[in-house]
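J.: Below are the sequence and a predicted model; questions follow.
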Amino acid sequence: MSLIDNPDQARRLARAIISDIAIYNREKVERGIKDDNIFELLAEDIEEGRQHFLSRVAPELASAAIYDLALVDVLIKRAGKIESPIW
């Protein structure tokens, strides 16, 4: 399998990985937003997803902040409707 070297494809991959994390961990996401500790609660899943992402993209994209930006877009922005003191 060849590595992804297109930034748009890399962004789609990152968002898909993080979407899966959010789907399979709905309760943790909600609790993490409410308690402002989402990254601690999902640390293992986030790191596993990051390693998967890094294994699929070219080195020049792996060093970009694509995965981290997708984390914010998918986990945080989509959770904006959850009641939390962080908003």
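T.: Received the coordinates, thanks.
J.: which parts of stretch 23-40 are buried?
T.: Of the residues in stretch 23-40, 25, 28-29, 32-33, 38 count as buried by neighbour count, 16 or more other CB atoms under 10 Å. For every residue, glycine as well, the C-beta is placed using N, CA and C.
J.: quick one: which of those is nearest to residue 48?
T.: Residue 48 has its nearest neighbour among the buried residues of stretch 23-40 in residue 25, at 11.5 Å by CB to CB.
J.: Please give me every residue in contact with that closest one.
T.: Shown in contact with residue 25 (CB atoms under 8 Å, 6 or more residues apart in numbering): 41-42, 45.
J.: Can you give me the distance of it to residue 75?
T.: From residue 25 across to residue 75, the span is 10 Å (CB to CB, to the nearest Å).
J.: Now the common contact residues for these two.
T.: Taking CB under 8 Å, 6+ apart as the criterion, residue 25 and residue 75 both touch residue 42.
J.: I'd like the contacts of residue 25 written out as JSON lines, with secondary structure and distance to residue 59 added.
T.: Below are the contacts of residue 25 laid out as JSON lines (DSSP: H, G, I helix; E, B strand; the rest coil; distance: CB to CB, whole Å):
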{"residue": "41", "secondary structure": "helix", "distance to residue 59": "30"}
{"residue": "42", "secondary structure": "coil", "distance to residue 59": "26"}
{"residue": "45", "secondary structure": "helix", "distance to residue 59": "24"}
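J.: Run a quick neighbour tally on residue 61.
T.: For residue 61, the neighbour count with other CB atoms under 10 Å is 22.
J.: Quick check: it is in a helix.
T.: Yes: using DSSP: H, G, I helix; E, B strand; the rest coil, the assignment for residue 61 is a helix.
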